[in-house]
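**Student:** Generate a structure from the sequence data that follows.
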Amino acid sequence: MRYKYKQVPLPNGKFDWIAVLLVQLSRGSRSTPPFEALIDSGASNCLFHGDIARAIGIPELTSGEHIVTGGVVAGAQMDLYGHDVRLSVGSDTFRLTGYFSDHLPIACLLGRDGFFDKYIVTFDPTEGTPGFELTRVHKT
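**Tutor:** Predicted coordinates:
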């Protein structure tokens, strides 16, 4: 399936394109409304804001598996807490360990473990309408 990049303004007055996908997260019978998730091939895991955890019935983030992650800024680290959840992308739904933090500055980053192991993602900024394509991988 092909999706258009989302155009976002930059502080310098120019624009950039980002790969954003509408997803839903659920646990048990509780599910979120669709929300935007940034596809990030540099992220090891799928990361979610803590508000999303609470929306699906996880009241205490710190009850999950604790990991620490860093980013491109040296020394910057964030505590994350893993919980088993279900991610829905269109008609596809699958289990993954989602990592949650109240300090994540966006709703979601879809990373290699939990998203890129389910989809082949082809980024293509060269067409008239820049976009990306998802191809579902069904591993046995």
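**Student:** rest of the way, CA atoms for contacts and neighbours
**Tutor:** Will do.
**Student:** Distance of Ala43 relative to Thr69?
**Tutor:** For Ala43, the distance to Thr69 (CA to CA, to the nearest Å) stands at 9 Å.
**Student:** And Leu134, by the same measure?
**Tutor:** With the distance defined as CA to CA, Leu134 ends up 26 Å from Thr69.
**Student:** more neighbours, the two?
**Tutor:** Leu134 (15 against 12; other CA atoms under 10 Å).
**Student:** Wait, a strand at that one?
**Tutor:** Yes - assessed with DSSP: H, G, I helix; E, B strand; the rest coil, Leu134 lies in a strand.
**Student:** my read: it touches Asp124, true?
**Tutor:** No - between Leu134 and Asp124 there is no contact under CA atoms under 8 Å: 11.3 Å.
**Student:** Please state the mean pLDDT value computed over stretch 62-77.
**Tutor:** The predicted model assigns stretch 62-77 a mean pLDDT of 82.
**Student:** so after the top strand by length along the chain, what's the next helix or strand?
**Tutor:** When the chain is parsed with DSSP state E, its longest strand is strand 77-89. Counting by DSSP states H and E, the next helix or strand C-terminal to strand 77-89 is strand 92-101.
**Student:** Next, the buried residues of that following strand.
**Tutor:** Along strand 92-101, these residues count as buried under the neighbour rule (16 or more other CA atoms under 10 Å): Leu96, Thr97, Gly98, Tyr99, Phe100, Ser101.
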